[in-house]
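Student: coords please:
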Amino acid sequence: MQIFQWIKRMLSRIFQGKTEPIQTLKITMLGSSGVGKSSLLAAIYDQFDQVIGKTNLQIKPTDDATRVIMDARLQELKSLVGNTIKVTGGVKGGGSPRSFLFDLGKTGRSPSLRLQFQDYPGGYIESHATPENIKTVENFIRESAAVLIAIDTPMMMEMKGKWHDRFNQPTRIINLFKQAYENLDTPRLVILAPVKCEKYIQNDKDANELLANIRDKYGTLLDYFGSDELLLKVAVVVTPVQTVGSVFFSRVEMQDDEPCFYFVKRDPDSFYQPKDSEQPLCYLLRFILRLHLEKRRIPIINSILNIFGKDVAFKEAVLDFTGNCKNTGGFAVIQGANLLRIDSK
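Tutor: Numbering: from 1, shown residues only. Reported below is the predicted structural model:
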């Protein structure tokens with residue numbers, strides 16, 4: 001009987017595969033239409049291997065749908081021509097919610113972790129959103145270990161933030177978190193990612209002004225995260241991402257009562273060269289690795305934390321990568337340093 005059971009187990013492993021199913025880490029992309037969510041994700045995908053290849057990690061799209069959409073968005077960004085570029089709201093989100101899947105692992109080996117970036121049409125959080133739309137986004141936030149909030153930086157910084165509330169939707173975002181994080185019992189990471197920010201982080205003075213505006217314009221949200229119930233459970237970081245790198249904000253002009261934002265190439269021969277696009281992922285993996293090192297048991301990501309114990313090579317590669325997290329020049333840990341601290345190997 002024991003021999004029979006052994007044979008049965010071996011056959012099962014042969015036909016079903018010897019490796020365990022890859023675990024999925026969920027991240028919600030948060031932002032309204034045209035704010036820059038797709039550009040941010042495309043920059044993360046495109047630049048990861050080029051910037052972080054030395055740390056022995058690689059990322060690749062899991063499915064054809066993710067690859068096709070990301071390649072199309074990258075082609076749009078790389079084909080920006082002319083010295084002056086007009087932006088009237090970016091690419092509008094349409095259709096239904098969609099997941100972008102990427103496999104992450106040690107270079108040259110099978111992936112160890114799947115990253116699921118959950119996106120949705122921007123209209124799901126705007127004034128015309130239905131209760132069902134809003135509930136969908138709340139559920140995404142509730143089920144995700146991390147939330148990546150894309151911030152249209154010129155909308156926040158220019159004209160004293162006149163268009164910030166309309167386009168970045170901070171009030172709607174606050175209300176989403178209040179519903180999703182009610183009775184929160186597990187640690188989470190929130191990443192505020194200013195995009196189209198090239199003009200605002202060229203020196204320390206400008207970078208400090210950018211951070212001051214985030215603390216001001218998102219003050220109510222930060223106060224909520226800093227409440228007694230959430231202070232020790234939610235880590236909040238700011239990671240500016242230059243999603244194009246070579247294009248700088250120039251001016252705003254009104255056309256038919258709508259703002260048109262103009263960007264210029266300081267060097268006519270410059271090309272697509274995003275900067276710091278790896279930083280959101282760097283902080284995300286640092287957060288997950290810290291939870292593993294604390295040996296916490298967390299229902300929504302416990303199986304993911306176990307990966308580091310089973311795959312030492314992957315853990316070492318992630319540890320190496322997360323040492324690159326920036327915290328100056330516009331980057332900052334607003335809250336939850338205890339959830340991000342990695343003391344030693």
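Student: any chance you could map the strands in the stretch 201-345 of the chain?
Tutor: Secondary structure of the stretch 201-345 of the chain (DSSP state E, counting those that start in this stretch): strands located at 234-238, 247-255, 258-265, 332-335.
Student: and if you look at the stretch 51-200 of the chain?
Tutor: Using DSSP E, counting those that start in this stretch, strands in the stretch 51-200 of the chain cover 57-61, 84-87, 98-106, 113-119, 146-152, 188-195.
Student: what pairs with the first one, and is each one parallel or antiparallel?
Tutor: In this case it means strand 57-61. Next to strand 57-61 in the sheet, as set by DSSP bridges, lie strand 98-106 (antiparallel).
Student: what does the strand it pairs with rub up against?
Tutor: In this structure, residues lying in contact with strand 98-106 by C-beta atoms under 8 Å, 6 or more residues apart in numbering are 22, 41, 45, 56-63, 65-66, 69-70, 111-120, 311, 313-314, 317. All C-beta atoms are positioned from the backbone trio N, CA, C, and that covers glycine.
Student: Restricted to buried residues, select the residues you listed in ChimeraX.
Tutor: Here is the ChimeraX command that picks out the buried ones among those, judged by 16 or more other C-beta atoms under 10 Å:
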select :41,45,56,57,58,59,61,62,66,69,70,111,112,113,114,115,116,117,118,119,120,311,314,317
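Student: what separates stretch 228-244 from the chain centre, distance-wise?
Tutor: Remark: stretch 228-244 is offset 10 Å from the chain centroid, using C-alpha atoms, centre = their mean, to the nearest Å.
Student: Oh, that last question was meant for stretch 187-201, not what I typed.
Tutor: Distance of stretch 187-201 from its chain centroid, counting by C-alpha atoms, centre = their mean, is 9 Å.
Student: and what of stretch 127-136?
Tutor: On C-alpha atoms, centre = their mean, the centre of stretch 127-136 falls 22 Å from that of its chain.
Student: ok, back up a step: pick the most deeply packed of the strands of the stretch 201-345 of the chain.
Tutor: strand 234-238 (a mean of 25; mean count of other C-beta atoms under 10 Å).
Student: Please name every helix or strand in contact with that strand.
Tutor: Contact here means 3 or more C-beta pairs under 8 Å, 6 or more residues apart in numbering; DSSP states H and E; on that basis strand 234-238 packs against strand 188-195, helix 219-225, strand 332-335.
Student: Okay, angle between that strand and strand 188-195 too, please.
Tutor: Counting by axes from the mean of the first three to the mean of the last three C-alpha atoms, to 10 degrees, strand 234-238 lies at 10 degrees to strand 188-195.
Student: got the angle for strand 234-238 vs strand 146-152?
Tutor: Interaxial angle of strand 234-238 relative to strand 146-152 (the same axes, to 10 degrees): 30 degrees.
Student: outside of strand 234-238, which residues touch it?
Tutor: The contact list for strand 234-238 (C-beta under 8 Å, 6+ apart) reads 181, 184, 187-194, 211, 214, 222, 225, 283, 287, 330-337, 339-340.
Student: strands paired with it, and their directions?
Tutor: If you go by DSSP bridges, strand 234-238 pairs up with strand 188-195 (parallel), strand 332-335 (antiparallel).
Student: Start and end of stretch 142-150, how far apart?
Tutor: One end of stretch 142-150 to the other measures 18 Å (C-alpha to C-alpha, to the nearest Å).
Student: swap in stretch 253-263?
Tutor: Start-to-end span of stretch 253-263 (C-alpha to C-alpha) is 12 Å.
Student: Surely residue 121 and residue 96 touch.
Tutor: Yes - proximity of residue 121 to residue 96 meets the contact threshold set by C-beta atoms under 8 Å, at 7.1 Å.
Student: between those two, who's got more neighbours?
Tutor: It is residue 121, of residue 121 and residue 96, that has more neighbours when counted by other C-beta atoms under 10 Å, with 20 against 9.
Student: how about the helices in this structure?
Tutor: For the chain, applying DSSP state H gives helices covering 2-16, 37-52, 64-78, 131-143, 153-157, 164-168, 170-180, 204-217, 219-225, 279-293, 302-310, 312-322.
Student: Compute the inter-axis angle for the third one and strand 247-255.
Tutor: Comparing the axes of helix 64-78 and strand 247-255 via the same axes, to 10 degrees yields an angle of 80 degrees.
Student: swap in the fourth one?
Tutor: For helix 131-143 and strand 247-255, the angle between their directions (the same axes, to 10 degrees) works out to 160 degrees.
Student: just the angle between helix 131-143 and strand 113-119, please?
Tutor: Angle of helix 131-143 versus strand 113-119, following the same axes, to 10 degrees, is 150 degrees.
Student: for helix 131-143, packing partners?
Tutor: strand 23-30, helix 170-180.
Student: just checking, what packs against the shortest one?
Tutor: Going back to what we said before, that points to strand 23-30. Strand 23-30 packs on helix 37-52, strand 113-119, helix 131-143, strand 146-152, helix 279-293, helix 302-310, going by 3+ C-beta pairs under 8 Å, 6+ apart.
Student: can I get those in CSV with mean pLDDT and distance to residue 200?
Tutor: Putting those into CSV (pLDDT from 0 to 100; distance: least, C-beta to C-beta, whole Å) gives the following:
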stretch, mean pLDDT, distance to residue 200
helix 37-52, 81, 16
strand 113-119, 92, 25
helix 131-143, 93, 27
strand 146-152, 95, 11
helix 279-293, 91, 16
helix 302-310, 79, 34
